[in-house]
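# Show me how the following folds:
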Amino acid sequence: MHQKTHTGVKSHTCFECGKTFISANELKLHQRIHTGEKPYKCSHCDKRFNQSSNLKTHERIHTGEKPHTCDQCGKTFTYKHHLGVHMTIHTGEKPHACDQCGKSFSLKSYLAVHMRFHTGEKPYACDQCDQTFHVSSSLKKHLAVHTKEKPHTCSLCGKSFSLLQSLKSHQKLHNAVRDYMCFECGKTFISANELKLHQRIHTGEKPYKCSHCDMKFSRSSNMKSHERIHTGEKPYKCSHCDMKFSRSSNMKSHERIHTGEKPYKCSHCDMKFSRSSNMKSHERIHTGEKPYKCSHCGKRFSLSFSLKSHERIHTGEKPYKCSHCDMKFSRSSNMKSHERIHTGKKPYKCSHCDMRFSRSSNLKRHELIHSREKLHTCDQCSRSFTSITHLKLHMKIHAVKKPDHRDPCGQSFAPLPSLFTHNNHSLKSRNYLQCIISMCVYAEEK
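Sure, this is the predicted structure:
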């Protein structure tokens with residue numbers, strides 16, 4: 001029997017498919033594929049298998065047994081195949097290269113999946129809608145949108161998940177051992193992969209490029225979400241209304257508007273949030289953490305969005321174009337404000353009168369007229385003003401340092417209080433504006 005492995009003689013043929021085997025036992029095992037025979041049943045669940053070895057491997061899911069250990073870092077695995085995949089992290093070996101873009105992969109199967117992005121092949125189709133996917137895992141995630149089924153429940157907190165992998169990732173948070181530390185900012189992570197993704201914030205590495213434009217991303221998931229801007233694809237529909245979303249996370253956040261759910265609580269105060277990202281951003285107010293560093297000037301920011309907006313000062317990038325004219329903007333908020341010039345839309349209404357404004361800042365400035373609140377105080381004479389502009393204009397009075405305290409409109413005053421008296425008097429006359437304008441020029445000349 002053993003010698004046949006050397007000679008390669010395969011004398012046993014399957015009459016169903018023509019495949020040949022060295023031994024009768026191998027043929028017998030193979031024929032179960034055609035007959036559907038599965039004599040080996042799991043003692044923990046109802047799953048059945050055509051080979052005892054497959055049963056033993058499956059039962060490790062229930063027992064938690066991980067017999068395959070990495071000799072480099074001590075990590076253990078249920079399957080030998082998973083250990084082999086893991087070992088490529090240590091060796092760095094990526095022998096399978098894409099002939100389209102040159103990107104290399106540790107496994108041939110990874111290359112095969114990658115090639116679908118070049119060919120456009122999407123072999124996995126949803127039977128509920130027209131959506132198709134490059135990989136089966138994406139289809140499984142998508143199907144949860146239709147079924148809303150969450151069969152996998154955390155035994156520690158009761159939270160449910162549609163995918164087993166999502167549950168496993170969640171459970172790590174309960175008994176998390178954060179062994180992986182970022183030496184740049186000191187933040188710790190559960191896995192080496194999470195650390196690697198985080199470090200791209202510091203290095204600026206963006207290996208994933210959009211196939212429609214020149215934008216690059218640090219994560220493939222972010223690239224895929226971005227590409228939906230180009231394709232217009234919105235596969236995630238709200239179960240309460242007709243709104244659709246390009247990201248499942250955006251749909252979930254939106255649904256909390258309907259439910260009022262705010263599951264994320266600040267660890268420093270009693271504030272709660274509907275999004276974990278909003279909670280994390282808020283917590284940086286307490287901690288003072290600024291993890292996002294500008295690669296051009298070194299300035300740090302607490303929000304990644306703030307960093308992106310800031311970096312456009314250096315790059316001059318203006319990605320947001322007005323849909324009515326050719327003007328471009330570095331921020332989407334500025335573009336939206338500008339577009340209201342074309343549309344005439346004024347969404348901000350005064351709570352005291354019927355006046356409306358195109359910008360929230362203009363509304364706030366207007367409402368000070370009603371409240372008469374003067375928030376801006378001069379540190380020289382304690383005079384208060386409703387706007388910062390008026391305070392700056394006033395400060396130019398103090399900037400005038402001539403001994404005789406000459407007023408810009410031509411009159412001279414020995415003591416400074418006399419100049420103030422003159423200015424107060426001018427408030428009642430039409431000469432005041434001319435006096436103030438002259439004062440600004442006079443102060444600038446000084």
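# His58 falls within a strand, correct?
No: counting by DSSP: H, G, I helix; E, B strand; the rest coil, His58 is not found in a strand; it is helix.
# Count the neighbours of it for me.
17 (other C-beta atoms under 10 Å). The way it works is simple: take the backbone N, C-alpha and C, and place the C-beta from them, glycine included.
# So it versus Asn278, what's the distance?
41 Å (C-beta to C-beta, to the nearest Å).
# what's the residue nearest the centre of the chain in contact with, if anything?
For the chain, the residue sitting closest to the mean C-alpha position, by C-alpha atoms, centre = their mean, is Asn222 at 6.9 Å. For Asn222, the contact set (C-beta atoms under 8 Å, 6 or more residues apart in numbering) comprises Tyr208.
# That one: which element?
Here Asn222 is covered by helix 220-231, with elements defined by DSSP states H and E.
# what's the average pLDDT for that helix?
Per-region confidence: helix 220-231 scores 85 on mean pLDDT.
# Sheet partners, orientation included, of the helix or strand following that helix?
Remark: after helix 220-231, the chain's next helix or strand is strand 236-237, criterion DSSP H and E. Take DSSP bridges as the rule and strand 236-237 pairs in its sheet with strand 244-245 (antiparallel).
# relative orientation of whichever helix or strand comes after the partner strand and helix 220-231 in degrees?
Counting by DSSP H and E, the next helix or strand C-terminal to strand 244-245 is helix 248-259. Angle of helix 248-259 versus helix 220-231, following axes from the mean of the first three to the mean of the last three C-alpha atoms, to 10 degrees, is 80 degrees.
# Show me what helix 248-259 is packed up against.
Applying 3 or more C-beta pairs under 8 Å, 6 or more residues apart in numbering; DSSP states H and E, one finds that helix 248-259 contacts helix 136-147, strand 236-237, strand 244-245.
# Quick one: those as JSON lines, columns for distance to Ser166, mean pLDDT and mean neighbour count too.
Converted to JSON lines, these look like this (distance: least, C-beta to C-beta, whole Å; pLDDT from 0 to 100; neighbours: other C-beta atoms under 10 Å):
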{"stretch": "helix 136-147", "distance to Ser166": "9", "mean pLDDT": "76", "mean neighbour count": "15"}
{"stretch": "strand 236-237", "distance to Ser166": "16", "mean pLDDT": "82", "mean neighbour count": "17"}
{"stretch": "strand 244-245", "distance to Ser166": "18", "mean pLDDT": "86", "mean neighbour count": "16"}
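# Throw those into CSV and include distance to Thr88, thanks.
Listed next are these as CSV, based on distance: least, C-beta to C-beta, whole Å:
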stretch, distance to Thr88
helix 136-147, 19
strand 236-237, 33
strand 244-245, 35
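# between the ones you listed, which gets nearest to Ser302?
Taking C-beta to C-beta, strand 244-245 is the member of these nearest to Ser302, at 26.2 Å.
# neighbouring contacts of that closest one?
234-238, 251, 254.
# Over to stretch 63-74?
59-60, 75-80, 82-83, 86-87, 90.
# What are the neighbouring residues in contact with the closest residue to Lys103 other than its chain neighbours?
Excluding its sequence neighbours, the residue lying closest to Lys103 (C-beta to C-beta, 6 or more residues apart in numbering) is His114, at 6.6 Å. Residues near His114 by C-beta under 8 Å, 6+ apart: 98, 103, 105.
# Would you mind measuring from His114 to Cys98?
For His114 relative to Cys98 (C-beta to C-beta), the value is 6 Å.
# Any chance of a ChimeraX selection covering the buried ones in the contacts of strand 244-245?
The buried residues among the contacts of strand 244-245 can be selected in ChimeraX (16 or more other C-beta atoms under 10 Å) with this line:
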select :235,236,238,251,254
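# of all the contacts of strand 244-245, which two lie farthest apart?
Pro235 and His254 (14.1 Å).
# returning to what we had before: quick one: which of the helices and strands packed on helix 248-259 is nearest Pro319?
That would be strand 244-245 among the helices and strands packed on helix 248-259, by C-beta to C-beta, at 21.1 Å.
# Let me know the closest of the contacts of strand 244-245 to Cys154.
Out of the contacts of strand 244-245, the member with the shortest distance to Cys154 (by C-beta to C-beta) is Met251, at 21.6 Å.
# so what's that closest one up against?
145, 236-238, 243-245.
# pLDDT score for the closest residue to His90 other than its chain neighbours?
Computed as C-beta to C-beta, 6+ apart, the closest residue to His90 that is not its neighbour in sequence is Gln72, at 4.5 Å. Among the per-residue scores, Gln72 shows a pLDDT of 84.
# quick one, phi psi at Gln72?
Reported as degrees, to the nearest 10, the phi and psi values for Gln72 are phi -90, psi -40.
# For whichever strand or helix holds Arg116, list every residue counted as buried.
Assessed by DSSP H and E, Arg116 sits inside helix 108-119. For helix 108-119, a neighbour-count test (16+ other C-beta under 10 Å) marks 110-111, 114-115, 117 as buried.
# With stretch 74-92 instead?
Applying 16+ other C-beta under 10 Å to stretch 74-92 flags 77-78, 83, 86, 89 as buried.
# what's the most distant pair in these?
Thr78 and Ile89 (17.3 Å).
# okay but Arg359 is in contact with Tyr348, surely?
Yes: the pair Arg359 / Tyr348 is scored as a contact, 6.9 Å apart, by C-beta atoms under 8 Å.
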